[in-house]
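Visitor: Predicted model, plus sequence, below.
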Amino acid sequence: MIFNFTIFLVTLVAMEGVGFLAHKYVMHGWGWFLHKSHHEEQLGAFETNDLYLLALGLVAVALIVAGNSGHDPLQWVGAGVAAFGLIYVLVHDGMVHRHWPARPRPRNRYLKRLYHAHLMHHAVKGRRNSVSFGFLYAPSAATLKKQLRDHRSAPGDERCRDMPGAAMGRDLQNG
Ligand SMILES: [Zn+2]
Ligand SMILES: [Zn+2]
């Protein structure tokens, strides 16, 4: 049991790394055409970006099915992937973007940190020069602000004029 639980936890933590790489290099790379909807001004209840979540769900189900049909302990890897997806939906869709009627607020320091870090990810509208691609781990607000500043002052950068600095600053103070 402890062995299985360890596999579950290791998978959950590893998924943060997988998610970071997928977000930075796939979703903001060749897969931008699906993720783009999530960086638009008005986020809808359903976006083409949700196909990434669907893919994650299918991977989790496939692993759980494989584990349960004799390929132990893949079902625990699948459970870790599913748990990451579930936390992502609760925190990202529920708390940060508030797609739901309940509109939960970030209450503790850790959740506030995730919340602000993800707002800063959305502070850059285009595909490039964004910050904070991870999710369960977020750098401090000061670090992310510095990264945004560095990107903005980078020569030849055409993207950062979209920085909604005023609106974001207000949100950070209120949060
Ligand atoms: Zn993004
Ligand atoms: Zn988002």
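Guide: All right, it came through fine. Nothing here was measured: the structure is a model prediction, and the numbers come from that model. Residues are numbered from 1 along each chain as shown. Ligands and ions are numbered 1, 2, ... in the order given.
Visitor: Any regions of the protein where pLDDT drops low?
Guide: Counting by pLDDT under 70, the chain has low-confidence residues at 43-44, 154-175.
Visitor: Just the helices from it, written as ranges.
Guide: 2-21, 32-35, 50-68, 74-88, 109-121, 141-153, 165-174 (DSSP state H).
Visitor: Looking at those helices, which is nearest to R127?
Guide: Of all these, helix 32-35 sits nearest to R127, with 4.8 Å by C-beta to C-beta. Placement of C-beta: from N, CA and C, glycine included.
Visitor: by contact count, what packs against that closest one?
Guide: When contacts are defined as 3 or more C-beta pairs under 8 Å, 6 or more residues apart in numbering; DSSP states H and E, helix 32-35 packs onto helix 50-68.
Visitor: Return the angle between stretch directions for the helix it packs on and helix 74-88.
Guide: 150 degrees (axes from the mean of the first three to the mean of the last three C-alpha atoms, to 10 degrees).
Visitor: Would you mind giving the orientation angle of helix 50-68 with respect to helix 2-21?
Guide: Using the same axes, to 10 degrees: helix 50-68 against helix 2-21 is 160 degrees.
Visitor: Against which helices or strands is helix 50-68 packed?
Guide: helix 32-35, helix 74-88.
Visitor: relative to its centroid, which residue of this structure is most remote?
Guide: Distance from the centre of the chain peaks at G70, with 32.4 Å (C-alpha atoms, centre = their mean).
Visitor: Of the helices and strands packed on helix 50-68, flag the one that's most buried.
Guide: Ranked by mean neighbour count, those are led by helix 74-88 with a mean of 20 (mean count of other C-beta atoms under 10 Å).
Visitor: now that one: how far from the chain's centre is it?
Guide: Put simply, helix 74-88 sits 15 Å off its chain's centre (C-alpha atoms, centre = their mean, to the nearest Å).
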